[in-house]
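Chemist: Quick one, what's the 3D model for this:
(chains A and B)
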Amino acid sequence: MPFKKAVAKKPKVEGVVDEEEGKKSAKGFPELLRGFRDILPEEQGRWNLIRDTVRSLAESYGFDRIDLPILERSELFLRTIGKGTDIVDKEMYVFTDPSNRSVALRPEATASAARAYIEHGMLDRPQPVKMWYMGPMFRHDRPQAGRFRQFYQAGFEVFGVEEPIIDAQLILIGKKIFEDLGLDVQVQINSIGTADCRQTYLAELVAYFRQFRNKLSEDDKRRLQKNPLRLLDSKEEGMAELLAGAPQILDWLDDKSKEHFMKVLEFLDEVEVPYVLNPHLVRGLDYYSHTVFEFVLAGDTGEKAQNALGGGGRYDGLVQLIGGRPTPACGFALGVERVARALADKGVNPPQFPVPQVFFAQLGDAARRSGLRLFEQFRAAKIPVAEAAGKNALKAQLEVANKMGVQLTLILGQKEVLDGTIILRDMESGAQETVDAKKIVALVERKLQRETAPPHVGHSPISE
RNA sequence: GCGGCUAUGGUGAAAAGGUUAUCACAGGGGUUUGUGGUACCUCUGUUACGGGUUCGAUUCCCGUUAGCCGCCCCA
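Modeler: Coordinates of the predicted model:
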């Protein structure tokens, strides 16, 4: 009974309710879990756009797709993300599986990518190894707009290159993705150096804030104890002044780190990616070193929550941390829901697939049968055709056609099947003509082109 | 995890401590047999869930759940 242990560990209310009411929620049926959501058909157009954009850029920059498991040993994340972090300490879905192993739903994928890199001996492949992924992540955080317990990330990781050019190229790719999506993002960048110089800096920072201890809020006092780096992006009252006088991490970087960072910035200048130096930018995962960056949605509400659409950085120590040979690496990830929301706010709402301009209406079984064949012909010609299977009355079918806003409707009845003809109706004018069924595909093709072609008369790649 | 706001049909809204809870839109079915964009009829809610106050609550109170906002944190 391995499950008993897990249940006993978490005597949460949900568990009790589940047992008593047979997994029913307040509504009387097993509804969505909090913080989880369905990505509905009407959102899929935007998601497709994001998926396609990410994929196409990944491919053009030579990244290979990798799919990583959703469940990993808890150990992987404890070691990499860090025990002191919120992600690990309070947001991870950890449980004991039926084989009595401690497993976790992945809160992010970089650790898995590094694990895969080691496990499949990718260090013996030509370096760098460049991979991208897209999939769900899980964090038991408090849900809010743009923040979910299951959310999707699209990520890019590069292993095996120390050169700062990779940092810059990754930032460039991220920037391009947003550009292609028509989103205006600001690149914020900082360097947190190596673990060593960070240590020295942290001591300095703590010493500085200790003098003002009585001025700090409870939250900030806690940060001072637990995670002093976080003081840098504290939004507490009065912190702005204190921060202005605080030591800056850039001044404490060793020469090598400094040089690395300068080069990243130079490369960014070279490819004309504007950036904002944000000395207060720190990231919540332990494994970062040197360059850290975020893509922040530009626009009116600069301080609005959840406006970071993506982020990443260098993690030279990660591979070694989980037991591989020391391997430099760098990467970033995008929050797909946040990107989708930004697109929605802009009114970007593409259809999930090309909207059919042709509707097929049939009357009777014979028509239905030959309609099946006709449908295939149109599919082969790559002309999407809509229909209303299940509606019998022509009137009802035309109603549907009208609602869909198609240009043309094909009407096939008993009589037409016998004659080998079909009626072609122009929905705008209502004009109808009876034509040879054999020529219908070509005819429709021509009619549709006349409606949509004019803009590009020049050299079409299809014209040959 | 902490604090605050909210919760009415698929969607957006309206209403009042008291008989059948309005309206618009969307959707399903129909107005008899082969023609749409304008009509008509009809259906779709135990007013989130549970409890309390009351003669009576959907309206007041409490709890739960969920969403949103702020914090924590992050994508």
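Chemist: From here on, just use CA atoms for contacts and neighbour counts.
Modeler: Will do.
Chemist: what pLDDT, on average, does stretch A:122-136 get?
Modeler: Across stretch A:122-136, the average pLDDT comes to 94.
Chemist: Contacts for that stretch next, please.
Modeler: A:58, A:62-68, A:70, A:117, A:150-161 (CA atoms under 8 Å, 6 or more residues apart in numbering).
Chemist: Could you check it against RNA strand B for contacts?
Modeler: No - residues of stretch A:122-136 contacting RNA strand B under CA under 7 Å from any atom of the strand: none, with a closest distance of 9.8 Å.
Chemist: How far away from the center of its chain is that stretch?
Modeler: Remark: stretch A:122-136 is offset 18 Å from the chain centroid, using CA atoms, centre = their mean, to the nearest Å.
Chemist: List only buried entries from the contacts of stretch A:122-136.
Modeler: Buried members of those, counted by 16 or more other CA atoms under 10 Å: A:58, A:63, A:68, A:70, A:117, A:150-161.
Chemist: Quick check: buried residues in stretch A:112-119?
Modeler: A:Ser112, A:Ala113, A:Ala114, A:Arg115, A:Ala116, A:Tyr117, A:Ile118.
Chemist: Could you dump these into a markdown table with pLDDT, secondary structure and distance to RNA strand B added?
Modeler: Output for the buried residues of stretch A:112-119, formatted as a markdown table (pLDDT from 0 to 100; DSSP: H, G, I helix; E, B strand; the rest coil; distance: CA to the nearest atom of the strand, whole Å):
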| residue | pLDDT | secondary structure | distance to RNA strand B |
| --- | --- | --- | --- |
| A:Ser112 | 95 | helix | 14 |
| A:Ala113 | 96 | helix | 14 |
| A:Ala114 | 95 | helix | 15 |
| A:Arg115 | 95 | helix | 17 |
| A:Ala116 | 95 | helix | 19 |
| A:Tyr117 | 95 | helix | 20 |
| A:Ile118 | 94 | helix | 22 |
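Chemist: Which of those sits closest to A:Ala207?
Modeler: A:Ala114 (35.5 Å; CA to CA).
Chemist: Which residue, other than its chain neighbours, is closest to that closest one?
Modeler: A:Val319 (5.7 Å; CA to CA, 6 or more residues apart in numbering).
Chemist: of the buried residues of stretch A:112-119, closest to A:Val441?
Modeler: A:Ala113 (49.0 Å).
Chemist: hang on, isn't that closest one packed against A:Leu68?
Modeler: Yes - using CA atoms under 8 Å, A:Ala113 is in contact with A:Leu68, at 7.2 Å.
Chemist: circling back to that earlier point, filter the contacts of stretch A:122-136 down to the ones in strands?
Modeler: Among the contacts of stretch A:122-136, the members found in strands (DSSP state E) are A:Asp64, A:Arg65, A:Gln150, A:Phe151, A:Tyr152, A:Gln153, A:Ala154, A:Gly155, A:Phe156, A:Glu157, A:Val158, A:Phe159.
Chemist: continuing past the helix or strand containing A:Lys403, what's the next helix or strand?
Modeler: Secondary structure from DSSP states H and E places A:Lys403 in helix A:394-404. Downstream of helix A:394-404, the first helix or strand assigned by DSSP H and E is strand A:408-412.
Chemist: Neighbouring strands - and their directions - for that following strand?
Modeler: Strand A:408-412 has the following sheet partners, assigned by DSSP bridges: strand A:358-362 (parallel), strand A:421-426 (antiparallel).
Chemist: Out of those strands, which is the most enclosed?
Modeler: strand A:358-362 (a mean of 26; mean count of other CA atoms under 10 Å).
Chemist: just how off-centre is the next helix or strand after that strand within its chain?
Modeler: Sequence-wise, the next helix or strand downstream of strand A:358-362 (DSSP H and E) is helix A:364-380. How far helix A:364-380 lies from its chain's middle: 39 Å, per CA atoms, centre = their mean.
Chemist: RNA strand B contacts on the stretch 101-250 of chain A?
Modeler: A:139, A:141-153, A:219, A:223, A:230, A:234-236.
Chemist: wait, is A:Leu268 part of a strand?
Modeler: No - applying DSSP: H, G, I helix; E, B strand; the rest coil, one finds A:Leu268 to be helix, outside a strand.
Chemist: now it: how far from A:Pro164?
Modeler: Noted for A:Leu268: a distance of 10 Å to A:Pro164, by CA to CA, to the nearest Å.
Chemist: for A:Glu157, same thing?
Modeler: Applying CA to CA to A:Glu157 and A:Pro164 gives a distance of 14 Å.
Chemist: With A:Asp436 instead?
Modeler: 66 Å.
Chemist: A:Arg325 - that's part of a strand, no?
Modeler: No - counting by three-state DSSP, one finds A:Arg325 to be coil, located in no strand.
Chemist: So which of A:Asp436 and A:Pro164 has more stuff around it?
Modeler: A:Pro164 (21 against 14; other CA atoms under 10 Å).
Chemist: tell me the pLDDT at A:Pro351?
Modeler: pLDDT, read off for A:Pro351, is 85.
Chemist: Sorry, slip of the keys, the one I care about is A:Lys235.
Modeler: Note for A:Lys235: predicted pLDDT of 71.
Chemist: Likewise for the one 3 residues further on?
Modeler: At A:Gly238, the predicted lDDT confidence score is 71.
Chemist: for the residue minimising distance to the centre of chain A, what are its contacts?
Modeler: Centroid-nearest residue in chain A, with CA atoms, centre = their mean: A:Val336, separated by 2.5 Å. Residues counted as contacts of A:Val336 (CA under 8 Å, 6+ apart) are A:Trp47, A:Ile50, A:Phe151, A:Tyr152, A:Gln153, A:Ala154, A:Leu309.
Chemist: Likewise for A:Asp436?
Modeler: A:Asp436 neighbours (CA under 8 Å, 6+ apart): A:Gly420, A:Thr421, A:Ile422.
Chemist: Next: A:Met239.
Modeler: A:Leu216.
Chemist: State the distance from it to RNA strand B.
Modeler: 10 Å (CA to the nearest atom of the strand, to the nearest Å).
Chemist: Near RNA strand B, which residues of the stretch 251-400 of chain A are found?
Modeler: A:283-285, A:294, A:304-306, A:308-312, A:333-338, A:363, A:391, A:393-396, A:398-400.
Chemist: Quick one: buried ones out of the residues you listed?
Modeler: Here, 16+ other CA under 10 Å leaves A:283-285, A:294, A:308-312, A:333-338, A:363, A:398, A:400 buried among those.
Chemist: Cross these against helices and list the overlap.
Modeler: Per DSSP state H, helices hold the following members of those: A:Val336, A:Glu337, A:Arg338, A:Leu398, A:Val400.
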